[in-house]
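1. coordinates for the following, if possible.
(one chain, ligands or ions: 2)
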Amino acid sequence: MELLSTLTMKEAREKIKEVFADLVLMMEEIPILEALNCIIYEDIKATINVPEFNRSTVDGYAVIAKDTYGASDALPSFLTSIGEVAMGKPTELVLQSGQCCYVPTGGMLPQNSDAVVMIEYTEVLEDNTVCVQSAVAPKENILQFGEDVSKGQVIFQKGHKLRPQDIGVLAGMGITKVNVYKKPRVSIISTGDEIVAPEEEAQLGQIKDMNTYSIATAAMKDHCEVMGMAVVKDDLEQLKEKIEEFLETSDIVLISGGSSMGTKDVTKDAINAIGDPGVFIHGLAVKPGKPTIVGKVKSKAVFGLPGQPVSALVVYQTLVTYLIKNLYGDKGPVPYITGELAVNIASAPGREHYVMVRVCEEDGKTIVSPVHGKSGMLTMMTKSMGYVKIDTNQEGLLKGENVKVYLF
Ligand SMILES: Nc1nc2c(c(=O)[nH]1)N[C@H]1C(S)=C(S)[C@@H](COP(=O)(O)OP(=O)(O)OC[C@H]3O[C@@H](n4cnc5c(N)ncnc54)[C@H](O)[C@@H]3O)O[C@H]1N2
Ligand code: MOO
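-> Residues are numbered from 1 along each chain as shown. Ligands and ions are numbered 1, 2, ... in the order given. As a prediction, this is how the structure comes out:
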């Protein structure tokens, strides 16, 4: 009798990290407008100071803060206005004690000024006298030279994923192109004599292909380039040929189905038939996802995901995403929220258990409830916001417990 050997998820991840240490992504230089969600290939240093001059953050009067101390509605300070700063222009003005100067939001501060009083707290009297009705502290309402970013400082580290605000900062530095990792190239194969394309009519006993589409779009979400998608019969030779074809252009080939112990489950044999070292993981102590396969051939990664739609996607998210993040050097955590369990949840003994959950707000509390179903029902995941993890040694989770929900 052949039984699956079962590694824990932690052991499987360590093994994957070790075995694919030589799988590396190339670098490419791209315009910043195309770089959203791309991963930075090397540290980026600030090329300038931001701002490059002391700026006001409000419309008001630049002052020497000391001149306003004690000022109030009842007892204002009277300052002499020496002029106005024009937006986008340098100023030559220099403040002396007892003087002030009008500055718009974002305007350059005159020399010697160290704060700005908002215009609402001032009143202009005759003879360029400004009545200041509120005190300001030094540095109040100003952005100092280099306060946002100072020249030479590392603003983004290698492995950082670029978000809209990051792209804005790069533009603000005059950096219009960035070196990023090339996307991992991924191909997807679904195996099964019963699988038909979504647009085809399914005869009794057949099933429309879900996995090719859920896995391909999961890979796109992970910032991969999908190179090929195919459905292959449960046939060793045909599967081997398709994997070999896809390996020509891909870093990772993801196969779903045929991972278990049935007579028609040929994924493991097909991977091993291509070359060494072949399959190095078959079986994980997780639920769902027990029959997972991981192999290395032609220096590339080949995964055999379980055919059940939920299992395939859960293993993708827990294991394939882990490898992809590793390739990118992305050390960020899996995004999660926390909430309170609405009911007790029993665990699968001896396996790390991923339970699909929905989340709602009730009386200001975040309430987490399990979504029941079987791993052949993909709607279990469409009704869920994420999953909670029950560790191998945990007996279950209790109602009222605070849990982490890992988001899809
Ligand atoms: N004797 C045993 N049987 C099974 C075991 C086991 O340990 N011993 N493990 C079970 C578990 S757990 C899972 S998960 C499945 C995994 O099976 P396979 O990876 O071999 O997948 P298939 O048998 O090909 O398919 C399973 C199921 O999923 C449907 N499927 C497959 N591909 C698609 C697709 N692209 N789109 C939609 N649905 C798909 C397929 O029709 C089957 O219903 O094995 C258990 N059995
Ligand atoms: O372990 Mo299977 O992946 O439960 O459905």
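2. quick one: mean pLDDT for stretch 28-39?
-> Stretch 28-39 comes out with an average pLDDT of 96.
3. quote the end-to-end distance of that stretch.
-> For stretch 28-39, the separation between the terminal residues is 11 Å (CA to CA, to the nearest Å).
4. check stretch 303-311 too.
-> With CA to CA as the measure, the ends of stretch 303-311 fall 13 Å from one another.
5. what about that stretch, near ligand 2?
-> Yes - applying CB under 6 Å from any ligand atom, one finds stretch 303-311 in contact with ligand 2 at 306, 308, 311. Quick note: C-beta positions are derived from backbone N, CA and C, even for glycine.
6. what about the first one, neighbour count?
-> Looking back up the chat, that one is Pro306. Pro306 is surrounded by 26 other residues when neighbours are defined as other CB atoms under 10 Å.
7. hmm, who's touching stretch 344-353?
-> 6, 8-9, 285-287, 290, 355, 370, 388-392, 394-399 (CB atoms under 8 Å, 6 or more residues apart in numbering).
8. of these, grab the buried ones for PyMOL.
-> Paste this into PyMOL to select the buried members of the contacts of stretch 344-353, with burial taken from 16 or more other CB atoms under 10 Å:
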select buried, resi 6+8+9+285+286+287+290+355+370+388+389+390+392+397
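9. among the contacts of stretch 344-353, which ones are in strands?
-> Counting by DSSP state E, the contacts of stretch 344-353 place 286-287, 355, 370, 388-390, 396-397 in strands.
10. what's the closest of those to ligand 2?
-> Nearest to ligand 2 out of the ones in strands among the contacts of stretch 344-353 is Lys287 (CB to the nearest ligand atom; 5.4 Å).
11. residue numbers of this protein in contact with ligand 1?
-> Counting by CB under 6 Å from any ligand atom, the chain comes close to ligand 1 at 190, 192, 194-195, 207, 209-212, 256-262, 265, 288, 290-291, 306-309, 311, 375-376.
12. so which bits of stretch 27-44 are buried?
-> So stretch 27-44, judged by 16+ other CB under 10 Å, has buried residues 32, 35, 38-41, 44.
13. surely Val334 and Tyr406 touch.
-> Yes - between Val334 and Tyr406 there is a contact at 5.1 Å, judged by CB atoms under 8 Å.
14. between these two, which one's more packed in?
-> Tyr406 (19 against 14).
15. check which helix or strand covers that one.
-> With the criterion set as DSSP states H and E, the secondary-structure element containing Tyr406 is strand 402-407.
16. with pLDDT and distance to Lys89 added, can I get the ones in strands among the contacts of stretch 344-353 in a markdown table?
-> As requested, these are arranged in a markdown table below (pLDDT from 0 to 100; distance: CB to CB, whole Å):
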| residue | pLDDT | distance to Lys89 |
| --- | --- | --- |
| Val286 | 95 | 64 |
| Lys287 | 94 | 67 |
| Val355 | 96 | 62 |
| Pro370 | 96 | 63 |
| Val388 | 97 | 58 |
| Lys389 | 96 | 58 |
| Ile390 | 96 | 63 |
| Gly396 | 92 | 68 |
| Leu397 | 95 | 63 |
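17. where in the stretch 1-150 of the chain is pLDDT low?
-> Judged against pLDDT under 70, the low-scoring parts of the stretch 1-150 of the chain cover residues 1-3.
18. make it 50
-> For the stretch 1-150 of the chain, residues meeting the criterion pLDDT under 50 lie at 1.
19. how many other residues sit next to the residue in it that ligand 1 sits nearest to?
-> Of the residues in the stretch 1-150 of the chain, the one nearest ligand 1 is Leu4, at a distance of 6.3 Å by CB to the nearest ligand atom. Leu4 is surrounded by 17 other residues when neighbours are defined as other CB under 10 Å.
20. now do the residue nearest to it when sequence neighbours are not counted, the pLDDT please.
-> Leaving aside its sequence neighbours, Leu4 sits nearest to Gly283 (CB to CB, 6 or more residues apart in numbering; 3.0 Å). pLDDT, the model's per-residue confidence, is 95 for Gly283.
21. ok, Gly283 touching Met9?
-> No - using CB under 8 Å, Gly283 and Met9 do not qualify as a contacting pair, with a distance of 11.8 Å.
22. need the pLDDT of Lys399.
-> Listed pLDDT for Lys399 reads 97.
23. repeat for Leu378
-> Per-residue confidence (pLDDT) for Leu378: 81.
24. what's the answer for Glu361, then?
-> At Glu361, the predicted lDDT confidence score is 95.
25. enumerate every residue touching the nearest residue in space to it that is not next to it in sequence.
-> With CB to CB, 6+ apart as the criterion, Glu361 has its nearest non-adjacent residue at 7.3 Å, and that residue is Ile367. With CB under 8 Å, 6+ apart as the criterion, the residues that contact Ile367 are 339-340, 342, 359-361.
26. most neighbours out of the residues you listed, which is it?
-> Using other CB under 10 Å as the contact criterion, the top neighbour count among those goes to Gly339, which has 22 neighbours.
27. tell me the strands in the stretch 101-250 of the chain, going along the chain?
-> Taking DSSP state E, counting those that start in this stretch, the strands of the stretch 101-250 of the chain run over residues 115-118, 122-124, 129-132, 142-143, 154-156, 177-181, 185-191, 195-196, 207-208, 225-232.
28. tally of neighbours for the residue lying closest to Asp330 once chain neighbours are set aside?
-> Using CB to CB, 6+ apart and skipping residues adjacent in sequence, the residue nearest Asp330 is Gly159, 5.3 Å away. Counted with other CB under 10 Å, the neighbours of Gly159 add up to 17.
29. let me know whether Gly159 touches Leu327 as I believe.
-> No - using CB under 8 Å, Gly159 is not in contact with Leu327, being 10.3 Å away.
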